[in-house]
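*Asks:* generate a structure from the sequence data that follows.
(4 chains)
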There are 2 protein chains.
Amino acid sequence: MSTTASNLVPAPQNLLLAALPAAEWERAGRNFKSIFMPLGDVLYEPARLANHIFFPTTSVLAVSCVLADGWADALTLIGREGFAGVEDFLGRGSAICRAVVLSEGWGYLIRRELLVQACNQDGPMRSVLLRYAQSYLTQVGQTISCNRHHTIAQQLCRWLLMFLDRQASNVLPLTHEHIAELMGVRRESVTEATRKLQFAGCIRRQRGHIAVIDRTGLEARSCECYRVTKRETDRLLEMSRSAKFASTQAALDRVRSGPSEPSTRHAASSFA
Amino acid sequence: MSTTASNLVPAPQNLLLAALPAAEWERAGRNFKSIFMPLGDVLYEPARLANHIFFPTTSVLAVSCVLADGWADALTLIGREGFAGVEDFLGRGSAICRAVVLSEGWGYLIRRELLVQACNQDGPMRSVLLRYAQSYLTQVGQTISCNRHHTIAQQLCRWLLMFLDRQASNVLPLTHEHIAELMGVRRESVTEATRKLQFAGCIRRQRGHIAVIDRTGLEARSCECYRVTKRETDRLLEMSRSAKFASTQAALDRVRSGPSEPSTRHAASSFA
DNA sequence: CGCTTTATGTTCGGGAGAGTACATAGCAGT
DNA sequence: ACTGCTATGTACTCTCCCGAACATAAAGCG
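*Replies:* Below is the predicted model:
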């Protein structure tokens, strides 16, 4: 339950970092700096090489593909189950993507080179990060089909659920305008879709916020894409978690200093 | 021009493998088997772990996201500039994707574990493969916006151009039905779009084939998505190539055995 | 050769969503 | 309270594309 006094760096609330064996985190952890990300902040933009990788804990980010005419369509959302900068981690920056803070909060920042370096030896860090890269790829791929074949109402449910999964509260800090920007549709289409959800009793609106009061209702109205990517994300995350405990190194560390699970739980977050 | 007699494994015509220093290819090359892939063959399917990674040389593949109702939308095409199985390489199989042979031909096959193993040390193999993974991600991301905002005619031009880039001939073995399946649209919409291109003099149709006679015309009619992903793909591939020659190991090898570039050139392929 | 199969061309109705214009309602600041 | 800004609601036209039904044409085959 309690971390040892010698453990100066707190156990990470980012689920990827938490999946690392304690020894690994103790070694690499000091390269991570905890920072607060304000709403609307841009982590990286097209054709600009980001020098940092960001692991959200309480913040939620959106990654979007930006077109020349100004449209920007979200590829996926990133919360404590992942990290922002997959493109920078794999290669050298993204030519097309922008990452912005959708829900302000905290996270861990690390210099790109330091992370790449920490991945050079064949260890848990690398497999955890690559596994997330695949999860990311799956989510992006599914969004392709989702955009083509599903109605705006269905897609809206999907994005709301994805946001919910990555956030502690059931009140999402979103205006219709924000959602439209995220989905690459007109603001009016979002207004219409949210009104339907309101009448159905799934959400309650406040000015600039959407309160989800019937999660199950949203799931029923969402397309298969939510379920598919959720299942896959959970599966890959679970693999990382069990790898943690399969590691003899981790086992040794647990004996010495006790479990290093995050101490606070996020009741509303289904990635808990 | 000519490879040395001692070099039993021919220089690879897959551009990623060709970007490896000669020493690396000599070491890892014997794990690759050259095989022929017939039209329509399925390399991997959703929720089935593929045990092999495939590096096309003369074949072209399509990777699609499969929905429950049968729709399948291409994420991107894979030719000699890449490899099939990014999802298997990063993690453990794809939950949603299917890879099929669009244009039959040859390529190199390698067991998944052997490839992962060859990437364990921090070397050219890993950086080349990860770099392609990012290129792949970029292409998939761009397709999201493309599907939402661009007309079927524009998208058709994009797919034809992408196919052209990955194939030696300017005659694409595609029926309207195949294209529709690829793009996730009705066959009739493809017929209409191809007729427009015909009248414009960009393509000539044969039964079951499309002959491109005005590449520039296609580029003019395509959306920005083709240019964007092409530029990014070229950039990342070029980085791999120059890394090859920056390597002292490769420099030594060149002195000993001469350049190891592919001996045959594909005039029509812009990845040449 | 005629028959079948497969590929392509054509048409019509309908729906989802874009573009546009404008109306109303919360909230903030002075 | 007044003012102004931002968020949300409503209405209308227009285009693209889907769904479906059907017509024609090219290749294969007995």
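*Asks:* isn't residue A:116 right next to residue A:89, touching?
*Replies:* Yes - counting by CB atoms under 8 Å, residue A:89 is a contact partner of residue A:116 at 7.0 Å. Where C-beta positions appear, they are placed from N, C-alpha and C, glycine not excepted.
*Asks:* of those two, which one has the most company?
*Replies:* Taking neighbours as other CB atoms under 10 Å in any protein chain shown, residue A:116 and residue A:89 compare with residue A:89 leading, 22 against 19.
*Asks:* now do the phi/psi pair for the more buried one.
*Replies:* Phi and psi for residue A:89, reported as degrees, to the nearest 10, are phi -70, psi -40.
*Asks:* and residue A:44, how far from DNA strand C?
*Replies:* 26 Å (CB to the nearest atom of the strand, to the nearest Å).
*Asks:* same thing with residue A:26?
*Replies:* Distance of residue A:26 to DNA strand C, given as CB to the nearest atom of the strand: 45 Å.
*Asks:* pretty sure that residue is in a helix, no?
*Replies:* Yes - assessed by DSSP: H, G, I helix; E, B strand; the rest coil, residue A:26 belongs to a helix.
*Asks:* okay, now it: neighbour count?
*Replies:* By other CB under 10 Å, neighbour count at residue A:26 equals 17.
*Asks:* what helix or strand is the closest residue to residue A:187 other than its chain neighbours on?
*Replies:* Distances taken as CB to CB, 6 or more residues apart in numbering or on different chains put residue A:180 closest to residue A:187, at 4.3 Å, once the chain neighbours are dropped. Residue A:180 is part of helix A:176-183, with elements assigned from DSSP states H and E.
*Asks:* now the helices: where do they sit in chain A?
*Replies:* Shown for chain A, the helices assigned by DSSP state H span residues A:15-18, A:22-28, A:86-90, A:112-118, A:124-149, A:152-165, A:176-183, A:187-199, A:215-221, A:224-246, A:248-257.
*Asks:* closest one to residue B:54 among those?
*Replies:* Each of those has some distance to residue B:54 by CB to CB; the shortest is helix A:124-149, at 17.2 Å.
*Asks:* touching chain B at all, that closest one?
*Replies:* Yes - counting by CB under 8 Å from any CB of the partner chain, contacts between helix A:124-149 and chain B involve A:130-131, A:133-138, A:140-145, A:147-149.
*Asks:* equivalent analysis for stretch A:229-244, please.
*Replies:* Yes - Stretch A:229-244 is in contact with chain B by CB under 8 Å from any CB, via A:231, A:232, A:235, A:236, A:239.
*Asks:* name the nearest residue to the first one, ignoring sequence neighbours.
*Replies:* Distances taken as CB to CB, 6+ apart put residue B:95 closest to residue A:231, at 7.2 Å, once the chain neighbours are dropped.
*Asks:* what is the burial count for that neighbour?
*Replies:* 23.
*Asks:* again with residue A:70
*Replies:* Residues within reach of residue A:70, counting by other CB under 10 Å, total 7.
*Asks:* over to the one 3 residues further on?
*Replies:* A count of nearby residues for residue A:73, using other CB under 10 Å, gives 23.
*Asks:* just list whatever residues bridge to it.
*Replies:* Counting by DSSP bridges, residue A:73 forms beta bridges with residue A:65.
*Asks:* picking up where we left off before, and the pLDDT for the residue nearest to residue A:187?
*Replies:* At residue A:180, the model reports a pLDDT of 98.
*Asks:* just residue A:121 next, same as before
*Replies:* Looking at residue A:121, its pLDDT is 79.
*Asks:* report the contact partners of the residue nearest to residue A:231.
*Replies:* Residues near residue B:95 by CB atoms under 8 Å, 6 or more residues apart in numbering or on different chains: A:138, A:228, A:231, A:232, A:235, B:46, B:47.
*Asks:* list the buried residues in stretch A:24-31.
*Replies:* Along stretch A:24-31, these residues count as buried under the neighbour rule (16 or more other CB atoms under 10 Å in any protein chain shown): A:24, A:25, A:26, A:28, A:29.
*Asks:* repeat that for stretch A:148-167.
*Replies:* Neighbour counts using 16+ other CB under 10 Å place A:148-150, A:152-167 of stretch A:148-167 among the buried residues.
*Asks:* so residue A:14 sits against residue A:106, correct?
*Replies:* No - judged on CB under 8 Å, residue A:14 makes no contact with residue A:106 at a distance of 9.6 Å.
*Asks:* mind checking which of those two has more residues around it?
*Replies:* Legend: neighbour count by other CB under 10 Å for residue A:14 and residue A:106, higher for residue A:14 (23 against 15).
*Asks:* for the more buried one, which non-adjacent residue is closest in space?
*Replies:* What sits nearest to residue A:14 in space, not counting adjacent residues and going by CB to CB, 6+ apart, is residue A:55, at 4.2 Å.
*Asks:* state the distance from that neighbour to chain B.
*Replies:* 18 Å (CB to the nearest CB, to the nearest Å).
*Asks:* what sits against that residue?
*Replies:* A:12, A:14, A:16-17, A:32, A:80, A:82-84, A:107-110.
*Asks:* tell me how far stretch A:124-137 lies from the chain's centre.
*Replies:* Remark: stretch A:124-137 is offset 13 Å from the chain centroid, using CA atoms, centre = their mean, to the nearest Å.
*Asks:* mind checking the pLDDT average for it?
*Replies:* Average pLDDT, stretch A:124-137: 94.
*Asks:* how about the residues of the stretch 151-272 of chain A near chain B?
*Replies:* Counting by CB under 8 Å from any CB, the residues of the stretch 151-272 of chain A near chain B are A:184, A:224, A:228, A:231, A:232, A:235, A:236, A:239.
*Asks:* Serialize the residues you listed to CSV and add fields for neighbour count.
*Replies:* Listed next are these as CSV, based on neighbours: other CB atoms under 10 Å in any protein chain shown:
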residue, neighbour count
A:184, 20
A:224, 17
A:228, 23
A:231, 12
A:232, 22
A:235, 16
A:236, 24
A:239, 17
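*Asks:* quick one: least confident of those residues?
*Replies:* Scoring those by pLDDT puts residue A:239 last, at 89.
*Asks:* you'd agree it is up against residue B:92?
*Replies:* Yes - the criterion here is CB under 8 Å, and residue A:239 meets it with residue B:92 at 7.1 Å.
*Asks:* give me the common contacts of these two.
*Replies:* Taking CB under 8 Å, 6+ apart as the contact rule, residue A:239 and residue B:92 both touch residue A:131.
*Asks:* picking that back up, okay, and the common contacts of residue A:14 and residue A:106?
*Replies:* In contact with both residue A:14 and residue A:106: A:56, A:57, using CB under 8 Å, 6+ apart.
*Asks:* pull up the gap between the residue of chain A found nearest DNA strand D and residue B:127, please.
*Replies:* Using CB to the nearest atom of the strand, the closest approach of chain A to DNA strand D is made by residue A:175 at 3.3 Å. Computed as CB to CB, to the nearest Å, the residue A:175 to residue B:127 distance reads 42 Å.
*Asks:* who has more neighbours, those two?
*Replies:* The residue with more neighbours, out of residue A:175 and residue B:127, is residue B:127; 18 against 14, by other CB under 10 Å.
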